[in-house]
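>>> Take this sequence and fold it.
(chains A and B)
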Amino acid sequence: MTDLIGSVLVLLGAIFHFSAGLGMLRMPDVYTRMQAGTKASTLGNTLVLAGLAIHHPSWGLKLLIIVYFVLMTNPVSSHALARAAHSIRIPMAGDTGIDALRDARQEAGSGT
Amino acid sequence: MTRRLSIIVAIVSFGLVFASLVVGYTEQQTARPLAESYIRLVPQELGAPNVITGILLTYRAFDTLGEVAVLFMVAASVGLVLGKERQPRSGPLADRFDEVKPSSEIVQTGTQTLVPLISIFAAYIIMNGHLTAGGGFQGGAVIASGVLLMLLAYPQYQPGLEFLGITESVAGALFVLAGIAGLIVADGFLDNRILPLGQFGAFFSAGAIPVLSALLGIKVGCELSVILERFRP
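I've put the predicted structure just below:
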């Protein structure tokens, strides 16, 4: 029974990873692709490692540390990449309506 | 059309080459005589469960010393080639990075959280080199990755080059001294039996291998950090 639950979790994680790959291919611009890749793969990783932890409870602590590491690094690095892309003005998809970072920068610039 | 055709031909021929590799591959069932004697001798003579570190830091430690020397030459020559183009060191470092946009708060906070973790992980890899996969070179590279993260997140950050140089030299000298001690006390240069072998598989065991591993890790980490610092604009 526990094996089944673990396998289902791993399968769910694999589905999220698949959707991340699909998003990388199908999304229109850098920012949306990055969003698809990061969010789905973070959750996918967590689910796969959780499934492994159910399979092998003795690995639990190490897997928890790996999950913590992924949760720490993945969002930060994608944030840095997206910011870098924004600051060298990589264009957004045509129908993007809002650019919060540009607005914030302009506000900060007019404020000083 | 011809282009597409040539691409298809290239892919198919690549596939044939790799297919022949896959078909012709047979897994070796038994270890070769040399590997077998290493597998037998390392736990027996050296008391190290990790055979590879045992080989690298005892039987072939002279070779490892040569590799470290090569890395030292790389660090020195990178400094020689890239050092000339730098602005004079007298001005405050902050002036050189005035026009650089500071990294965002999220990146800085992430760095502050991650660098201690990376350092702990590096220390773990170095100190468990004789028990599990790892050792001085790998742990030193992990230390350097932490330094790289600091350099990326804080453009003004300056690792103390003199401190790194002195630490590296002291570690290298101690490594050679341990080797000479092996020459005097035990059977040969860099013999690990200058310290008691201890209980097989314990943290303090395998003679001088953990000490050599730590020295190697410190040395490699310092050298790679110096190289990274040199590559900064």
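
>>> C-alpha only now, for contacts and for neighbours.
Will do.

>>> Tell me the secondary structure at A:A50.
Assigned with DSSP: H, G, I helix; E, B strand; the rest coil, A:A50 falls in the helix class.

>>> Once you drop chain neighbours, what's closest to it?
Once flanking residues are discounted, A:A50 sits nearest to A:L9: 7.0 Å by CA to CA, 6 or more residues apart in numbering or on different chains.

>>> which strands and helices sit next to the helix or strand hosting the one you found?
Per DSSP states H and E, A:L9 falls inside helix A:2-26. On a contact count with 3 or more CA pairs under 8 Å, 6 or more residues apart in numbering or on different chains; DSSP states H and E, helix A:2-26 meets helix A:30-55.

>>> could you say what helices and strands the helix it packs on packs with?
Judged by 3+ CA pairs under 8 Å, 6+ apart, the packing partners of helix A:30-55 are helix A:2-26, helix A:60-87.

>>> Pull the distance from it to the chain's centre.
6 Å (CA atoms, centre = their mean, to the nearest Å).

>>> same check, this time on stretch B:179-198
The chain centroid and the centroid of stretch B:179-198 are separated by 23 Å under CA atoms, centre = their mean.

>>> list the contacts for B:Y38?
B:Y38 sits next to B:V51, B:I55 when contact means CA atoms under 8 Å, 6 or more residues apart in numbering or on different chains.

>>> before we move on, which element is the residue in chain B that chain A sits nearest to in?
Closest residue of chain B to chain A, CA to the nearest CA: B:V107 (6.0 Å). Taking DSSP H and E as the definition, B:V107 sits inside helix B:105-127.

>>> Give me the most central residue, the chain.
As the question left the chain open, I've gone with chain A. A:T38 (1.9 Å; CA atoms, centre = their mean).

>>> meant chain B, my bad for not saying
Nearest to chain B centroid, counting by CA atoms, centre = their mean: B:F137, 2.3 Å.

>>> Can you read off the pLDDT for the closest residue to that one other than its chain neighbours?
Using CA to CA, 6+ apart and skipping the chain neighbours, the partner closest in space to B:F137 is B:G217 (5.7 Å). pLDDT for B:G217: 86.

>>> Now for B:G217: which residues touch it?
Applying CA under 8 Å, 6+ apart, the residues near B:G217 are B:I126, B:G135, B:G136, B:F137, B:Q138, B:G139, B:G140.

>>> Report the inter-axis angle for the helix or strand harbouring it versus helix B:105-127.
Per DSSP H and E, B:G217 falls inside helix B:209-230. Interaxial angle, helix B:209-230 versus helix B:105-127 (axes from the mean of the first three to the mean of the last three CA atoms, to 10 degrees): 150 degrees.

>>> on that earlier part again, so who does the residue nearest to A:A50 touch?
Neighbouring residues of A:L9 by CA under 8 Å, 6+ apart: A:L47, A:V48, A:A50, A:G51.

>>> and which of those is nearest to chain B?
Nearest member of these to chain B, counting by CA to the nearest CA, is A:A50, at 21.4 Å.

>>> show me what contacts the residue in chain A positioned nearest to chain B?
Relative to chain B, the nearest point of chain A is A:V76 (6.0 Å; CA to the nearest CA). The contact partners of A:V76, by CA under 8 Å, 6+ apart, come to B:I106, B:V107, B:G110.

>>> Sketch out the low-pLDDT regions of chain A for me.
A:110-112 (pLDDT under 70).

>>> switch to 50 and redo it
Chain A contains residues with pLDDT under 50 at A:111-112.
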